[in-house]
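Engineer: Any chance you can model this:
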Amino acid sequence: MAMHIPKAPGFAQMLKDGARHMSGLDEAVFRNIDACKELANTTKSAYGPFGLNKMVINHLDKLFVTNDAATILRELEVQHPAAKMLILASQQQEQECGDGTNFVLIFAGALLEKAEDLLRMGLSVPEVIKGYEMACKQALEILPALVVGKIENKKNKGEVRNVIRAAVMSKQYGLEEFLADLVTDASISVMPNSGNFNVDNVRICKVLGQGVENSKAIQGMVFKRQVEGDVKKAENCKVAVYTCPLDVMHTETKGTVLIKTAAELLDYSRGEETQVEEQVKAIVESGCKVAVTGGKVGELYLHYCNKYGLMIVRVPSKFDVRRLCKTIGATALPRLTAPTAEEAGHCDEVKVDEIGDTPVIIFRQKSDASPITTIVIRGATENTMDDIERAIDDGVNTYKGLTKDNRYVAGAGAVEIELAKQINSYGEKCPGLAQYAIQKFAESLEELPRALATNSGVKASDVISRLYAAHQEGNQNVGVDIEAGVPAVKNAVEAKILDLFSTKYWSLKFATVAACTVLSVDQIIMAKPAGGPKPRENKNTEEDDD
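Structural biologist: Numbering: from 1, shown residues only. So this is what the prediction gives:
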């Protein structure tokens, strides 16, 4: 008879075998803080224009070389529950503003690191959380006073470009001037008069070869494909769009046709050919010079399309078919019928071109206001183009942020130091133990300019002291000068280093909430993992954006 070994008394005896349980400051809180600090330190060296790249190989063996925090975190698949909270906060920042994910991680990590010092000094967790929440509230009240300007006309290239330039600079230092012009032109061209800017209206097409400076924006759509027939070009043309294949339809049920003579066989084949010819002829007679299909193209249809000079473009993605319909103002038809005047789209130019040695089909609209613009990215390697795409994505999201809130603040760490200075003064006036947490909040804000200085290769403590000296004199727009090569500061507004107000606002909010959530956990209870392989969620499926 097997001996029954009793479980240890306490909470553990209520759980199944294999379950884990941790509680208290040392086991739960400090462990959580250590995990979050490690995560923040991982991405800290990737912060700012001189941020170093990380080489990440995901579960599919795909290689990523990037300094974009959102991409690094998405591909790392972090398992620690506390670190996941920080990642959720940075993902929320990505959804809200499209930029500032690394800010959230670094700032939340700094808050937790300072909280550990306070807890070891003897403060309780509720006192630390209360102090952080008071400091965050005060910071969000101070922030509007630090606004240095507004963009009144969202279609004014000169004003918009300066804000987009700063967002792009942190990802692609040295190419910021070129990319800022590219993103500004593309974003303004698709900006509707209603003011509801959609990020999906700026498309990306990556073509390997040449250098990044050969990238360009094209008003309309670009597909990396060849046309199906012989017609390669059409100008000022009507376009018919079909979601069905350009092929003879087969019935779902099987049927038998009994043919007795050769004449009957010829008539049977000729009847099918006549029907196909009539359909193609009807499309051409409706005024359409181009037909776009979402399915395959049959040989018989291809023959008659070539005969009547109809250009055939095959677009397999239903999402691209929808975007093309939006670009040319067409209605996608489910059956092969001649489109009416309302259903047919119009395009100024459809042609096959070669970019490098890659054949592309370009649907170009020559009017100033096109519903969709495509940025064609050139680059020597796939990794380079992927990184450029992420920089452009940040720039386009920054433009979308501008359409929601047109205020901007000084960049280069100027806002963080000014907030740290004012919150430190506020903390000295606050009674009770919460003042220690408020002052630690101010110290945590120093981590952002400190990271900028460290990554640019200068002594961070010298830069921080110079920043404080300049801000004490009333120069609240002075930030880190990363180009000097020695510890130096400069006026960020004069250098046109600007950040969106909304990005800073939500970064502070999300980072503080994430840090307070991690601190408020005093027990970790993990059930025994279920057996069998874990289902892997597919993150690469394209969402329906209509």
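
Engineer: all contacts plus neighbour counts: C-alpha atoms, from now on.
Structural biologist: Fine.

Engineer: residue ranges with poor pLDDT in the protein?
Structural biologist: 1-27, 249-253, 269, 368-369, 524-546 (pLDDT under 70).

Engineer: So Gly309 belongs to a strand, correct?
Structural biologist: No - with DSSP: H, G, I helix; E, B strand; the rest coil as the criterion, Gly309 is assigned coil and is not in a strand.

Engineer: Could you check how far it is from Glu285?
Structural biologist: Taken as C-alpha to C-alpha, to the nearest Å, the spacing of Gly309 relative to Glu285 amounts to 11 Å.

Engineer: Show me which of those two is the more surrounded one.
Structural biologist: Gly309 (17 against 12; other C-alpha atoms under 10 Å).

Engineer: Quick check on that one: phi, psi?
Structural biologist: Backbone torsions of Gly309, given as degrees, to the nearest 10, read phi 70, psi 40.

Engineer: List the contacts of it.
Structural biologist: By C-alpha atoms under 8 Å, 6 or more residues apart in numbering, the residues touching Gly309 are 231, 289.

Engineer: same question, the one 5 residues further on
Structural biologist: With contacts taken as C-alpha under 8 Å, 6+ apart, Arg314 has the following neighbours: 227-228, 292-297.

Engineer: how near is the residue lying closest to it once chain neighbours are set aside to Glu343?
Structural biologist: Leaving aside its sequence neighbours, Arg314 sits nearest to Thr293 (C-alpha to C-alpha, 6 or more residues apart in numbering; 5.1 Å). From Thr293 over to Glu343 the distance is 14 Å, taken as C-alpha to C-alpha.

Engineer: Among those two, which residue is more densely surrounded?
Structural biologist: Using other C-alpha under 10 Å as the criterion, Thr293 and Glu343 rank with Thr293 on top: 24 against 18.

Engineer: Spit out the contact partners of that one.
Structural biologist: 241-246, 312-316.

Engineer: Apply 6 Å and report the result again.
Structural biologist: 242-243, 314 (C-alpha atoms under 6 Å, 6 or more residues apart in numbering).

Engineer: for Leu310, same thing?
Structural biologist: Contacts for Leu310 (C-alpha under 6 Å, 6+ apart) come out as 289-290.

Engineer: switch the cut-off to 10 Å
Structural biologist: By C-alpha atoms under 10 Å, 6 or more residues apart in numbering, the contact set of Leu310 is 229-234, 239, 280-281, 283-284, 288-291, 302, 304.

Engineer: Out of those residues, name the ones that lie in strands.
Structural biologist: 233-234, 239, 288-291 (DSSP state E).

Engineer: would you list those in a markdown table and tack on neighbour count and distance to Glu272?
Structural biologist: As requested, the ones in strands among the contacts of Leu310 are arranged in a markdown table below (neighbours: other C-alpha atoms under 10 Å; distance: C-alpha to C-alpha, whole Å):
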| residue | neighbour count | distance to Glu272 |
| --- | --- | --- |
| Lys233 | 17 | 29 |
| Ala234 | 20 | 29 |
| Val239 | 28 | 25 |
| Cys288 | 21 | 23 |
| Lys289 | 25 | 23 |
| Val290 | 27 | 23 |
| Ala291 | 21 | 21 |
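
Engineer: Of these, which is the nearest to Ile388?
Structural biologist: Ranked by distance to Ile388 (C-alpha to C-alpha), these are led by Lys233 at 30.6 Å.

Engineer: do you know how far the closest residue to the closest one other than its chain neighbours is from Asp230?
Structural biologist: The shortest distance from Lys233 to any non-neighbouring residue, by C-alpha to C-alpha, 6+ apart, is to Lys351 (4.2 Å). Distance of Lys351 to Asp230, given as C-alpha to C-alpha: 12 Å.

Engineer: Next, show the common contact partners of those two.
Structural biologist: Residues touching both Lys351 and Asp230 by C-alpha under 10 Å, 6+ apart: Met311.

Engineer: mind listing the strands in the stretch 351-500 of the chain by residue range?
Structural biologist: For the stretch 351-500 of the chain, the strands defined by DSSP state E, counting those that start in this stretch cover 358-364, 373-379, 407-410, 478-480, 489-491, 498-500.

Engineer: Output these as JSON lines; include the columns distance to Glu443.
Structural biologist: Converted to JSON lines, those look like this (distance: least, C-alpha to C-alpha, whole Å):
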{"stretch": "strand 358-364", "distance to Glu443": "53"}
{"stretch": "strand 373-379", "distance to Glu443": "41"}
{"stretch": "strand 407-410", "distance to Glu443": "19"}
{"stretch": "strand 478-480", "distance to Glu443": "16"}
{"stretch": "strand 489-491", "distance to Glu443": "19"}
{"stretch": "strand 498-500", "distance to Glu443": "21"}
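
Engineer: Can you check which of those gets nearest to Val104?
Structural biologist: Nearest to Val104, of all those, is strand 498-500, at 14.6 Å by C-alpha to C-alpha.

Engineer: So what touches that closest one?
Structural biologist: 97, 99-100, 147-150, 162-167, 398-399, 401-402, 405-415, 492-493.

Engineer: For PyMOL, write the select line for the buried members of these.
Structural biologist: Those of the contacts of strand 498-500 that count as buried under 16 or more other C-alpha atoms under 10 Å are selected in PyMOL with:
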select buried, resi 97+99+100+147+150+162+163+164+165+166+167+398+399+401+402+406+407+408+409+410+411+412+413+414+415+492+493
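
Engineer: Helices - which of the contacts of strand 498-500 land there?
Structural biologist: 97, 162-167, 398-399, 401-402, 414-415 (DSSP state H).

Engineer: and Thr398, what does it touch?
Structural biologist: 97-99, 160, 163-168, 199, 392, 499-500, 502-503.

Engineer: That one and Ala495, how far apart?
Structural biologist: 19 Å.

Engineer: Show me where the stretch 101-250 of the chain has its strands.
Structural biologist: Along the stretch 101-250 of the chain, the segments classed as strands by DSSP E, counting those that start in this stretch run 147-150, 202-208, 216-223, 233-242.

Engineer: Quick one: closest of the ones you listed to Leu448.
Structural biologist: strand 147-150 (18.7 Å).

Engineer: picking that back up, going by distance to Ile464, which of the ones in helices among the contacts of strand 498-500 wins?
Structural biologist: Nearest to Ile464 among the ones in helices among the contacts of strand 498-500: Ala414, at 10.5 Å, using C-alpha to C-alpha.

Engineer: Can you mark which positions in the helix or strand harbouring Val56 are buried?
Structural biologist: For Val56, the enclosing helix or strand under DSSP states H and E is strand 54-57. Neighbour counts over strand 54-57 (16+ other C-alpha under 10 Å) mark 54, 56 as buried.

Engineer: about what we covered before: which of the contacts of Arg314 count as buried?
Structural biologist: By 16+ other C-alpha under 10 Å, these give 227-228, 292-295, 297 as buried.

Engineer: Of those, which is the nearest to Ala83?
Structural biologist: Comparing those against Ala83 with C-alpha to C-alpha picks out Gly294 as the nearest, at 43.6 Å.

Engineer: Surely that closest one and Asp320 touch.
Structural biologist: Yes - using C-alpha atoms under 10 Å, Gly294 is in contact with Asp320, at 9.2 Å.

Engineer: can you count the residues close to the closest residue to Asp230 other than its chain neighbours?
Structural biologist: Spatial nearest neighbour of Asp230, excluding adjacent residues (C-alpha to C-alpha, 6+ apart): Asn306 at 6.1 Å. Neighbour count for Asn306, taken as other C-alpha under 10 Å: 15.

Engineer: can you give me the helices in the stretch 51-200 of the chain?
Structural biologist: Here the stretch 51-200 of the chain has its helices, by DSSP state H, counting those that start in this stretch, at 69-76, 81-97, 101-121, 125-142, 157-169, 176-189.
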